[in-house]
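Visitor: Predicted structure and sequence below. I'll ask about it afterward.
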Amino acid sequence: MTPSDYEYLRKLLKERSGLDLSADKQYLVESRLLPLARKASLPGISELVEKMKGGASALTAEVVEAMTTNETFFFRDKIPFDHMRETVIPALVQARAARRSLRIWCAASSTGQEPYSIAMCLKEAGPLLAGWRTEIVATDLSQAVLEKSKAGIFSQFEVQRGLPIQLLVKYFTQNGELWQISPELRGMVQHRQLNLLQDFSHLGVFDVIFCRNVLIYFDQNTKTNIFERLSRMLEPDGVLALGAAESVVGITNTFKPYPDRRGLYRPNIAPVIRVGASTLVPQTLRAVAAAS
């Protein structure tokens, strides 16, 4: 791979996916793309790049997928899911008692371990959510990983990473060396292809957004832009969950840390505004602005 090949790939990946590769990541590109070149019967990455420049759109899409498919496993980092079970769900159940519904968005759902971990958290809440309507929206840039997630089929290796044995037995059915999650949990998750660089306001407003282990690959301006748009997708008392190596500090003022809950953030809501005899909270202000 020549320096010009690498620069072409860096620029393309940033434009298509937001992935911001530093100058020393050639090894990562080679490890991800050499198998793809061989699959296309090409001798190396330089030839892969030439074919992409010639207008091979399907191959370009495969390159983007290969570079943006990242590691995932059930209940990754554990702490955010403990917070969901112990703090977030009980607080939202109290706050949403009138409407009895919750909406949760997994913004980089990959092959499904994260949205299904959330689904298990909701099911394990038991009587707390009995009779409630719960909706989990799982989005990812890659259609291939979304199809795997929809099927809900995982290898022995995948279910051994982070998944407690009691939940494996309770929610999965074994078929040879593969395990499939129950139809009930699969039915709790909606899958949609989505690029976080593009508009996502059509998804609606959520009570919880998981956007974990994806923004770490973006440059600061892109992170700021996405955080600002995410803040408009959350209820005023909603919760944003980030990855263990991610933070809003020094990037945006649209979120503030959730007290004593590492990795969780809340919208940094503007002060309540009095207009005549009415009180407009930020959510109402959004609706007024949209209607004007």
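Guide: Done, it's in.

Visitor: can we go C-alpha only for contacts and neighbour counts from here?
Guide: OK.

Visitor: This structure: strands as residue ranges?
Guide: Secondary structure of the chain (DSSP state E): strands at 101-106, 133-140, 153-155, 172-175, 178-181, 189-193, 206-210, 234-241, 255-257, 264-267, 273-275, 278-280.

Visitor: Redo those as a markdown table? Include mean neighbour count.
Guide: Below are the strands of the chain laid out as a markdown table (neighbours: other Cα atoms under 10 Å):
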| stretch | mean neighbour count |
| --- | --- |
| strand 101-106 | 21 |
| strand 133-140 | 20 |
| strand 153-155 | 19 |
| strand 172-175 | 14 |
| strand 178-181 | 18 |
| strand 189-193 | 18 |
| strand 206-210 | 23 |
| strand 234-241 | 21 |
| strand 255-257 | 19 |
| strand 264-267 | 23 |
| strand 273-275 | 10 |
| strand 278-280 | 12 |
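
Visitor: Reformat those as a markdown table; add distance to Glu228 and mean pLDDT.
Guide: Output for the strands of the chain, formatted as a markdown table (distance: least, Cα to Cα, whole Å; pLDDT from 0 to 100):
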| stretch | distance to Glu228 | mean pLDDT |
| --- | --- | --- |
| strand 101-106 | 16 | 97 |
| strand 133-140 | 18 | 96 |
| strand 153-155 | 35 | 96 |
| strand 172-175 | 38 | 96 |
| strand 178-181 | 35 | 97 |
| strand 189-193 | 21 | 96 |
| strand 206-210 | 13 | 97 |
| strand 234-241 | 11 | 95 |
| strand 255-257 | 9 | 93 |
| strand 264-267 | 10 | 94 |
| strand 273-275 | 21 | 40 |
| strand 278-280 | 21 | 38 |
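
Visitor: Please produce CSV containing the ones you listed, extended by distance to Arg32.
Guide: Formatted as CSV, the strands of the chain follow (distance: least, Cα to Cα, whole Å):
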stretch, distance to Arg32
strand 101-106, 25
strand 133-140, 19
strand 153-155, 21
strand 172-175, 30
strand 178-181, 25
strand 189-193, 22
strand 206-210, 26
strand 234-241, 28
strand 255-257, 34
strand 264-267, 32
strand 273-275, 52
strand 278-280, 51
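
Visitor: which one of the ones you listed lies closest to Ala56?
Guide: Nearest to Ala56 among those is strand 189-193; the distance by Cα to Cα comes to 21.1 Å.

Visitor: coming back round to it: and Leu28, which of the strands of the chain is closest to it?
Guide: The nearest among the strands of the chain, by Cα to Cα, is strand 133-140 at 20.8 Å.

Visitor: Note down every partner strand of the closest one and its orientation.
Guide: Strand pairing for strand 133-140, using DSSP bridges, gives strand 101-106 (parallel), strand 189-193 (parallel).

Visitor: I'd like to know how far Val137 sits from Ala58.
Guide: Separation of Val137 from Ala58 (Cα to Cα, to the nearest Å): 26 Å.

Visitor: Kindly report the same for Glu65.
Guide: To Ala58, Glu65 is 11 Å away according to Cα to Cα.

Visitor: Now tabulate the strands paired with strand 133-140 in CSV and tack on distance to Leu19.
Guide: CSV is the format used below for the strands paired with strand 133-140 (distance: least, Cα to Cα, whole Å):
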stretch, distance to Leu19
strand 101-106, 18
strand 189-193, 17
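
Visitor: Run through the stretch 151-292 of the chain and note the low-pLDDT ranges.
Guide: 270-292 (pLDDT under 70).

Visitor: any chance you could map the helices in it?
Guide: For the stretch 151-292 of the chain, applying DSSP state H, counting those that start in this stretch gives helices covering 156-159, 165-171, 183-186, 220-231, 282-291.

Visitor: How is this structure partitioned into domains?
Guide: Under the assignment the TED database, the domains of the chain span 3-67, 79-151+182-267.

Visitor: Quick one: closest of the ones you listed to Gln160.
Guide: Proximity to Gln160, assessed across the domains of the chain by Cα to Cα, is greatest for domain 79-151+182-267 (11.7 Å).

Visitor: Could you tell me the end-to-end distance of that closest one?
Guide: In domain 79-151+182-267, first residue to last residue: 20 Å (Cα to Cα).

Visitor: circling back to that earlier point, deepest in the core, which of the helices of the stretch 151-292 of the chain is it.
Guide: helix 220-231 (a mean of 18; mean count of other Cα atoms under 10 Å).

Visitor: Off-centre distance for that helix?
Guide: 14 Å (Cα atoms, centre = their mean, to the nearest Å).

Visitor: Mind giving me the packing neighbours of that helix?
Guide: If contacts are counted by 3 or more Cα pairs under 8 Å, 6 or more residues apart in numbering; DSSP states H and E, helix 220-231 sits against no helix or strand.
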